[in-house]
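# here are the coordinates; sequence isn't available:
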């Protein structure tokens with residue numbers, strides 16, 4: 001089969017060579033891993049908005065989006081569009097015989113109902129990243145309000161949805177090395193509750209002043225754009241690491257006591273950071289919402305992040321009794337994820 005992945009959002013010309021020396025988002029790294037596995041048996045293209053020249057690597061051909069819409073050399077049998085429903089119209093017109101999929105990664109709003117008729121017209125299937133995520137999108141696309149848009153567009157059929165977990169890189173595996181009992185690690189983007197995390201950390205320091213919080217993913221300059229507690233952020237208890245490549249992220253995960261992520265403002269559709277941490281044997285302190293209940297194996301990691309007292313109590317418990325045992329669940333491992341992709345795309 002000829003398969004075209006369409007990324008019309010990321011400005012990075014990401015590929016595996018690029019990923020070796022750059023910090024890369026979970027969505028982009030997942031696209032690469034899935035594409036590489038499928039390329040073992042199929043012809044794979046990834047189109048990107050800033051790719052100026054063709055590049056081949058790991059069986060994948062990287063092209064510009066415009067070339068992806070004018071693929072005369074090898075016409076795609078399957079088109080997988082990342083995030084953007086509106087692109088279904090032009091890709092279905094360019095390749096009317098191709099099977100259409102939209103792979104979404106965030107919790108979307110009811111404005112996607114304005115694109116519902118194109119999903120129906122093109123017989124596209126929506127791929128989500130967790131059951132929680134699928135339930136959310138299904139309530140919008142096939143819920144009560146959708147009937148207004150079905151009547152307006154005369155497209156009455158139900159939109160098919162499924163979910164496929166993101167595969168976990170094999171590099172995230174448990175080792176028996178020692179960890180620093182006072183080191184806490186945050187490696188998400190600052191908009192995902194860093195303000196709240198810092199507030200809880202400040203409360204924790206009043207009881208246990210030896211803890212240190214290491215923050216990866218943003219520089220001090222970038223963090224100025226966010227309403228954060230500058231006093232604690234620039235204190236000796238916080239270490240700003242900037243953007244790190246994957247290998248350094250793994251090293252920090254392995255020698256940290258836990259991933260400190262007690263925030264309740266930004267639910268995760270999948271929660272890659274939870275799973276990557278657990279796969280190296282490091283627990284995560286996380287609020288119970290979004291996909292958390294679905295993807296976290298040991299529920300001892302869950303707390304009520306609306307209260308600093310609950311955060312402090314749990315940290316002191318782990319400090320005194322030992323942190324919980326965590327591991328990598330099979331459903332997130334590459335072979336199981338790729339089999340779900342093959343089943344969904346009809347490749348078997």
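The structure has been received and is ready for your questions. Being a predicted model, the structure only gives us computed values, none of them experimental.

# any idea what the closest residue to residue 67 other than its chain neighbours is bridged to?
Computed as Cβ to Cβ, 6 or more residues apart in numbering, the closest residue to residue 67 that is not its neighbour in sequence is residue 47, at 6.7 Å. To be clear about C-beta, it is placed using only N, CA and C from the backbone, and glycine gets the same treatment. Beta-bridge partners of residue 47, counted by DSSP bridges, are residue 6, residue 63.

# list the contacts of residue 47.
Counting by Cβ atoms under 8 Å, 6 or more residues apart in numbering, residue 47 touches 4, 5, 6, 7, 8, 62, 63, 64, 65, 67, 68.

# for it, give its distance to residue 62.
According to Cβ to Cβ, to the nearest Å, residue 47 stands 8 Å off from residue 62.

# what do you get for residue 249?
Relative to residue 62, residue 249 is positioned 24 Å away (Cβ to Cβ).

# can you show me the strands along the stretch 1-150 of the chain?
All strands of the stretch 1-150 of the chain, identified by DSSP state E, counting those that start in this stretch, fall at 2-6, 43-48, 55-57, 60-64, 78-82, 99-103, 125-128.

# now tabulate these in a markdown table and tack on mean pLDDT and distance to residue 294.
Converted to a markdown table, the strands of the stretch 1-150 of the chain look like this (pLDDT from 0 to 100; distance: least, Cβ to Cβ, whole Å):
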| stretch | mean pLDDT | distance to residue 294 |
| --- | --- | --- |
| strand 2-6 | 97 | 25 |
| strand 43-48 | 96 | 28 |
| strand 55-57 | 95 | 33 |
| strand 60-64 | 95 | 30 |
| strand 78-82 | 97 | 22 |
| strand 99-103 | 98 | 18 |
| strand 125-128 | 98 | 12 |
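
# switch the ones you listed over to TSV; also include distance to residue 305.
Listed next are the strands of the stretch 1-150 of the chain as TSV, based on distance: least, Cβ to Cβ, whole Å:
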stretch	distance to residue 305
strand 2-6	35
strand 43-48	36
strand 55-57	41
strand 60-64	39
strand 78-82	30
strand 99-103	29
strand 125-128	24
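
# so among the contacts of residue 47, which ones count as buried?
When the contacts of residue 47 are checked for burial by 16 or more other Cβ atoms under 10 Å, the buried set is 4, 5, 6, 7, 62, 63, 64, 67, 68.

# list the contacts for the last one?
In this case it means residue 68. Contacts of residue 68 (Cβ under 8 Å, 6+ apart): 4, 6, 45, 47.

# now for those: which two are most distant?
6 and 45 (9.0 Å; Cβ to Cβ).

# ok so, going back, for residue 145, state which of the contacts of residue 68 is nearest.
residue 6 (27.9 Å).
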